[in-house]
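Chemist: dropping the sequence and predicted coords here.
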Amino acid sequence: MRIAFATNGEDLKAEVALHFGRAKNFLIYDAKTESFEIFPNPEVTGGKEFPPDFLERQGVKSVIVFSLGALAYKKFKNYNIKMYKAIQGSILENIKKLEKGNLGGLKKEDIF
């Protein structure tokens, strides 16, 4: 499974970005191979591709975020990409919580 995180860092020790759409990068973690790739956020770099479309094209099946805009939420839902609520901490800490089944889904107040 490929899992995406919005981050301003470039490795698994980086924090999950508080604002999904304005993060510098997306880190995509492959749970099967335990490897990751870093991609610049196309919205921040002046590209015209919307982040959910970009992440779907990269084969992402889940995102771990603090919150999402309504349009991003709808797009992820339409793509059948699961959305999990991030915890404060590193990407690696969030991966471990997900693997243990300890991350919940987004709530209404997480969609703006």
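Modeler: That came in fine, so what should we check first?

Chemist: can you count the residues close to Y84?
Modeler: 18 (other C-beta atoms under 10 Å). For the C-beta atoms, the positions are set from N, CA and C on the backbone; glycine is no exception.

Chemist: what about the helices in this protein?
Modeler: Per DSSP state H, the chain carries helices over the ranges 51-57, 70-78, 91-99.

Chemist: deepest-packed of those, please.
Modeler: Among the helices of the chain, ranked by average contacts under mean count of other C-beta atoms under 10 Å, first place goes to helix 51-57 (a mean of 19).

Chemist: and the pLDDT at the residue located most distally from the centre of the chain?
Modeler: Going by C-alpha atoms, centre = their mean, the residue of the chain most distant from its centre is G46, 19.3 Å out. Note on G46: pLDDT of 84.

Chemist: thinking again about what came up before, for the helices of the chain, give me JSON lines that also has distance to E10 and mean pLDDT.
Modeler: Formatted as JSON lines, the helices of the chain follow (distance: least, C-beta to C-beta, whole Å; pLDDT from 0 to 100):
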{"stretch": "helix 51-57", "distance to E10": "17", "mean pLDDT": "97"}
{"stretch": "helix 70-78", "distance to E10": "22", "mean pLDDT": "97"}
{"stretch": "helix 91-99", "distance to E10": "10", "mean pLDDT": "97"}
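
Chemist: endpoints of stretch 10-21, how far apart?
Modeler: Distance between the two ends of stretch 10-21: 16 Å, counting by C-alpha to C-alpha, to the nearest Å.

Chemist: buried sites along that stretch?
Modeler: By 16 or more other C-beta atoms under 10 Å, the buried positions in stretch 10-21 come out as L12, A14, E15, V16, A17, F20, G21.
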